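[1] What would the 3D arrangement of this be:
(chains A and B)
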Protein chains: 2
Amino acid sequence: MLINGVQTDQLSALDRGIQYGDGLFETIAVIDGQPCLWGRHIRRLQAGCKRLGITAPESAELLAEAKAVIKDHQRGVLKIIVTRGSGGRGYRAPEDTRPSRIIYCTPWPDYPDDYWEKGILIRVCSTCLGVNPTLAQLKHLNRLEQVLARSEWSDAAVFEGLMLDSDGRVIEGTMSNLFLIKKGALITPDLSRCGVAGIMRELIVELAGRLNIPVSVKDVSLDDLKGAEAMFISNSLIGILPVRALSGQTFSLDPIPSVLLQAVNEYMNGCH
Amino acid sequence: MLINGVQTDQLSALDRGIQYGDGLFETIAVIDGQPCLWGRHIRRLQAGCKRLGITAPESAELLAEAKAVIKDHQRGVLKIIVTRGSGGRGYRAPEDTRPSRIIYCTPWPDYPDDYWEKGILIRVCSTCLGVNPTLAQLKHLNRLEQVLARSEWSDAAVFEGLMLDSDGRVIEGTMSNLFLIKKGALITPDLSRCGVAGIMRELIVELAGRLNIPVSVKDVSLDDLKGAEAMFISNSLIGILPVRALSGQTFSLDPIPSVLLQAVNEYMNGCH
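    Residues are numbered from 1 along each chain as shown, chains lettered A, B, ... in the order given. From the prediction side, this is the model:
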């Protein structure tokens, strides 16, 4: 692990990352020794820093440090955390922040192949997402909602839990975004009120556009899920993972456009 | 600073406190070398741990460590952070958590005496509080909303900013709870959807009850603020601090019952 370029896993407990969750993170697939979709992840990180008023680390510096921590991993998960750093009196941040960057790589999670072949089981969580447009879309460090939602089940057969916002709209999974398929078109929940704007979600929306697959980003209700022909979740590690069943409702994998699956796989393996 | 009983300010960056804000904190006034309202703070911390499924540290251990860090401070601010500790795969917490405890003392903030004599200026923030009953009332480590709300103003003359929830209800200040006075009765916002259930707020409600001052805990709108005769904020450090003006509306300090101010001061100075 590198913290501010130094090989250590120790951080000051006065860092605003721990004091307030005052920071952001990225989770990046390492494939064939390369950080996958690097440019997109760094752009999101920089945009997030701008929204939070954190001075973004230089991308060249991040890349050099990322390469250093992944050099012995052909495949792995690269995590980058950027916090506002230490200091300030209470919630008020100091004027001249010196952000902290924490960069490390963990082993690739070995999901069974049949997750992709047969689809996964998912559930609906009772822990909700608070509506806050100021924080919406950001991959920030305030993740207690996800921690509590993930603690709702221990059945290893259930891969993911969907979270609704406090007004009952379906938003996303605890660690993934959600897509429905209805009449051949993709639908993914609007994230203007809460949720994380996933890099893989963004890529899927773009690729679908190029492949002339209609996509709409809009509010999704639990009833909309019942009317879906198919469903998949996405994140930077799993790419696209089809849903086989949700709370007793089963889905076929057939409606998921194979050209889209293929395009996402090529993109991930190409590691642009 | 003591981290898990060891004199250090360094914490593993894998701690779930920094990874997810997966923990709680207490901010405690140290007066005459004693942690003020200790029993109430520890009960809140333990209740919060229970709600988050974190094994609460022993109160005797916390007290011994608190005494060690405050031993050179007659007056100061004691901060206790408890996180779920390190480990777990993603958001899912490990079954057998070993919580981390971070305990340290900082200098007392020297607020001018005339804050109490003349009252303070406050504003209304545009950053809102997300509604989430699962997290409501907890003094947890997910505090980006407060950080962003506090970043909205830099005018040193403005002491505090009020935050509304995403449905427009008035909830609290960035670092304090709010009380209105209307027809001699106290009103403080209901915190069942969001907000921090402050120790001083709890004490004020109790003392008011004993003093036969009517108190109601209910939803408060911006219009309710306009109809208030007086207003004050509270937290464990300031006790009760009267509001002189909010967005152009001015208040008299007279309607605040002097018996209540006196009772709170006695309680704080008595350091029960």
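[2] residue contacts, the closest residue to chain B within chain A?
    Nearest residue of chain A to chain B: residue A:130, at 2.1 Å (Cβ to the nearest Cβ). Any C-beta I mention is one placed from the backbone N, CA and C, and that applies to glycine too. Residues in contact with residue A:130 (Cβ atoms under 8 Å, 6 or more residues apart in numbering or on different chains) are A:145, A:165, A:166, A:194, B:129, B:130, B:131, B:132, B:135, B:166, B:194.
[3] give me the low-pLDDT residue ranges for chain A?
    Across chain A, the ranges flagged by pLDDT under 70 are A:271-272.
[4] So in it, which helix runs the longest?
    Looking only at chain A and at elements set by DSSP state H, the helix with the highest residue count is helix A:38-52.
[5] Can I get the contacts of residue A:130 in TSV including secondary structure and distance to residue A:78?
    As requested, these are exported to TSV (DSSP: H, G, I helix; E, B strand; the rest coil; distance: Cβ to Cβ, whole Å):
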residue	secondary structure	distance to residue A:78
A:145	helix	24
A:165	strand	30
A:166	coil	33
A:194	coil	26
B:129	strand	33
B:130	coil	29
B:131	coil	34
B:132	coil	30
B:135	coil	29
B:166	coil	34
B:194	coil	34
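[6] Let me have these in a markdown table, adding distance to residue B:46 as columns.
    Converted to a markdown table, the contacts of residue A:130 look like this (distance: Cβ to Cβ, whole Å):
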| residue | distance to residue B:46 |
| --- | --- |
| A:145 | 22 |
| A:165 | 30 |
| A:166 | 27 |
| A:194 | 30 |
| B:129 | 24 |
| B:130 | 25 |
| B:131 | 25 |
| B:132 | 21 |
| B:135 | 17 |
| B:166 | 30 |
| B:194 | 22 |
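[7] Run through the residues that contact the residue lying closest to residue A:126 once chain neighbours are set aside.
    Excluding its sequence neighbours, the residue lying closest to residue A:126 (Cβ to Cβ, 6 or more residues apart in numbering or on different chains) is residue A:152, at 6.4 Å. Taking Cβ under 8 Å, 6+ apart, we find residue A:152 in contact with A:123, A:125, A:126, A:127, A:161.
[8] Confirm the third one sits in a strand?
    No - counting by DSSP: H, G, I helix; E, B strand; the rest coil, residue A:126 is located in no strand; its state is coil.
[9] neighbours of it, just the number please.
    12 (other Cβ atoms under 10 Å in any protein chain shown).
[10] and what of the fourth one?
    For residue A:127, the count of nearby residues is 21 (other Cβ under 10 Å).
[11] tell me which element the nearest residue to it once chain neighbours are set aside is part of?
    In space, and not counting its chain neighbours, residue A:127 is closest to residue A:149: 4.0 Å by Cβ to Cβ, 6+ apart. Assigned by DSSP states H and E, residue A:149 belongs to helix A:144-150.
[12] in its sheet, what does the following helix or strand past that helix sit against?
    As assigned by DSSP H and E, the chain's next helix or strand after helix A:144-150 is strand A:158-164. Next to strand A:158-164 in the sheet, as set by DSSP bridges, lie strand A:120-124 (parallel), strand A:170-173 (antiparallel).
[13] dump the residue contacts of the nearest residue to residue A:173 once chain neighbours are set aside.
    Leaving out its chain neighbours, the residue that sits closest to residue A:173 by Cβ to Cβ, 6+ apart is residue A:160, at 4.3 Å. When contacts are counted by Cβ under 8 Å, 6+ apart, residue A:160 touches A:120, A:122, A:123, A:173, A:174, A:175, A:176, A:233.
[14] Could you dump these into TSV with distance to residue B:269 and neighbour count added?
    Output for the contacts of residue A:160, formatted as TSV (distance: Cβ to Cβ, whole Å; neighbours: other Cβ atoms under 10 Å in any protein chain shown):
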residue	distance to residue B:269	neighbour count
A:120	60	24
A:122	56	24
A:123	52	18
A:173	51	27
A:174	47	24
A:175	49	22
A:176	53	26
A:233	57	25
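[15] So which of the residues you listed is the closest to residue B:255?
    residue A:174 (47.7 Å; Cβ to Cβ).
[16] from memory the closest one sits against residue A:159, does it?
    No - using Cβ atoms under 8 Å, residue A:174 is not in contact with residue A:159; the gap is 10.2 Å.
[17] ok, residues contacting the helix or strand harbouring residue A:117?
    Counting by DSSP H and E, the element that carries residue A:117 is helix A:114-118. With contacts defined as Cβ under 8 Å, 6+ apart, helix A:114-118 is touched by A:159, A:238, A:241, A:242, A:244, A:253.
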